[in-house]
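>>> Mind folding the following:
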Amino acid sequence: MTVKAIGLLLLDVSGPHLLRDERVITELADQHGYTLLRLVTIKHDTFMPTVLIVATARNLGATTVIAPSVDHIKHNARAIAIACDLITPTHRIPCTSPDRRGGMS
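Purely as a prediction, here's the structure:
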C-alpha cells in the first residue's frame, strides 16, 4: 500500500519558479514512494487556505502534504500537521494527531 500525498504550492512564493517547484514536489513524492494525487495551489486571496489544504488531503485520503520549501508551509505548518505529515526537501514534520502518532506511514 502506497502513501497518498498532495502537493502544496503558494503561488506568491513560487513566483516565476512555479514549474521548478512543481518538479520538486513530484521528485519528493517519487523519492519517498508516495502517490501524488493532486497539487493544491494557494493564492494570496484564497479563502481559508489551511482548511482547503486539510480538507483536500482528507477528501482524497492523503496522509502527507509535500511542499517545495518551508516557505510554502511556514504559516500553516502547525495546523496542517494536526492532520497530515509535512515533507519539504529539508524538513519532515510528522503528524501530531493522536490517531496517527506512532503509526506514521
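>>> Now do the helices in the protein.
Assigned by DSSP state H, the chain shows helices spanning 11-14, 18-32, 49-60, 77-81.
>>> okay if I get those helices as JSON lines plus distance to R92, mean pLDDT and mean neighbour count?
C-beta: built from backbone N, CA, C; applies to glycine. Below are the helices of the chain laid out as JSON lines (distance: least, C-beta to C-beta, whole Å; pLDDT from 0 to 100; neighbours: other C-beta atoms under 10 Å):
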{"stretch": "helix 11-14", "distance to R92": "19", "mean pLDDT": "95", "mean neighbour count": "16"}
{"stretch": "helix 18-32", "distance to R92": "9", "mean pLDDT": "97", "mean neighbour count": "16"}
{"stretch": "helix 49-60", "distance to R92": "16", "mean pLDDT": "96", "mean neighbour count": "17"}
{"stretch": "helix 77-81", "distance to R92": "10", "mean pLDDT": "93", "mean neighbour count": "17"}
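>>> Same list (the ones you listed) but as TSV, adding distance to T96.
Output for those, formatted as TSV (distance: least, C-beta to C-beta, whole Å):
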stretch	distance to T96
helix 11-14	24
helix 18-32	19
helix 49-60	13
helix 77-81	5
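>>> between the ones you listed, which gets nearest to I66?
Closest to I66 of these, according to C-beta to C-beta: helix 18-32, at 5.0 Å.
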